[in-house]
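Enquirer: Predicted model follows, preceded by the sequence.
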Amino acid sequence: MLEVDALNVSYGEIQVLWDISLKVDQGEIVALIGSNGAGKTTLLKTVAGLLKPTSGSVSYFNERLDKLPPHKIVEKGIALVPEGRGLFPHMTVYENLLMGAYTQRQNSKETLNWVYEIFPILKERASQQASTLSGGEQQMLAIGRSLMSNPKFLMLDEPSQGLGPKVVLKILDTIKQINNRGVTIMLVEQSVPFALELANRVYVIENGKIIYSGRSEEVGSLEDVKKAYLGI
Ligand SMILES: Nc1ncnc2c1ncn2[C@@H]1O[C@H](COP(=O)(O)OP(=O)(O)O)[C@@H](O)[C@H]1O
Ligand SMILES: [Mg+2]
């Protein structure tokens, strides 16, 4: 479904991604793990079209994305839930959700109902200001808003960040639920247990390079990888 090939990305003169190649098959949940500053966010932003690579390609169903502007990429069915959530704090839950539907010309009512079904709390809190939600509810709103564009490929940047263990389990559950409804998922996580629990496959990124990839079960059995790269 998604193929990243020999991708190099720089901020000005400073190169942060080096020859990144990866694939995500339709229906999968794939996690990118790696320490702070490894380049995970940069990779998601490049796939979303917010950053342009210096070389290499990003393809979606064999169609090149890397020359397209971000809104065209959203129209193709790709959405990003950004790190830090990027909500509009002074707008209501409902207004935040509508902001996610801006590219969709029809059926936003239907999509809204789908989002409310996945996150009933957002329906209950629809007229409340986003800033008054708890951390977990804000993450749900950020995910719900990205679902309003009806994505087939959803990217999540550190969905568990700053949340307590109970709420993290709830988020994990909803991500599985979204995947079960046919949305392919690529997520970034610093929480390795979270990533391994959720994902079918993982890529480990260090210093802008992929240093390991494998099935989640395999990572669980590879003591060396766990110790050397995952800090567990
Ligand atoms: N806008 C930017 N300008 C310059 N350097 C940046 C910018 N954003 C990130 N970087 C640098 O790129 C590297 C990768 O950052 P990032 O992709 O945010 O890593 P991660 O998400 O894995 O923590 C880091 O060294 C970071 O300091
Ligand atoms: Mg990041």
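Expert: Nice, thanks for sending it over. Ligands and ions are numbered 1, 2, ... in the order given.
Enquirer: Spatially central residue for the chain, please.
Expert: Compute the mean C-alpha point of the chain, and by C-alpha atoms, centre = their mean the closest residue is residue 156, 1.7 Å away.
Enquirer: Poorly predicted segments of the protein, please.
Expert: Scanning the chain for pLDDT under 70 picks out the ranges 103-107, 220-232.
Enquirer: just the strands in it please.
Expert: Secondary structure of the chain, counting by DSSP state E: strands at 2-11, 14-24, 29-33, 55-60, 63-64, 78-81, 153-157, 184-189, 201-206, 209-215.
Enquirer: Next, the angle strand 2-11 makes with the fourth one.
Expert: Spelled out, it's strand 55-60. 140 degrees (axes from the mean of the first three to the mean of the last three C-alpha atoms, to 10 degrees).
Enquirer: same deal with the second one?
Expert: With the same axes, to 10 degrees as the criterion, the two stretches strand 14-24 and strand 2-11 enclose an angle of 170 degrees.
Enquirer: thinking again about what came up before, the strands of the chain into TSV, with extra columns for distance to ligand 2?
Expert: No exception for glycine: its C-beta is placed from N, CA and C like everyone else's. Putting those into TSV (distance: least, C-beta to the ion, whole Å) gives the following:
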stretch	distance to ligand 2
strand 2-11	13
strand 14-24	11
strand 29-33	10
strand 55-60	18
strand 63-64	25
strand 78-81	12
strand 153-157	6
strand 184-189	6
strand 201-206	10
strand 209-215	16
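Enquirer: can you tell me which residues contact the one residue in the chain that gets nearest to ligand 2?
Expert: Taking C-beta to the ion, ligand 2 has its nearest neighbour within the chain at residue 41, 3.2 Å off. Counting by C-beta atoms under 8 Å, 6 or more residues apart in numbering, residue 41 touches 83, 157, 188.
Enquirer: Many thanks, we can stop here.
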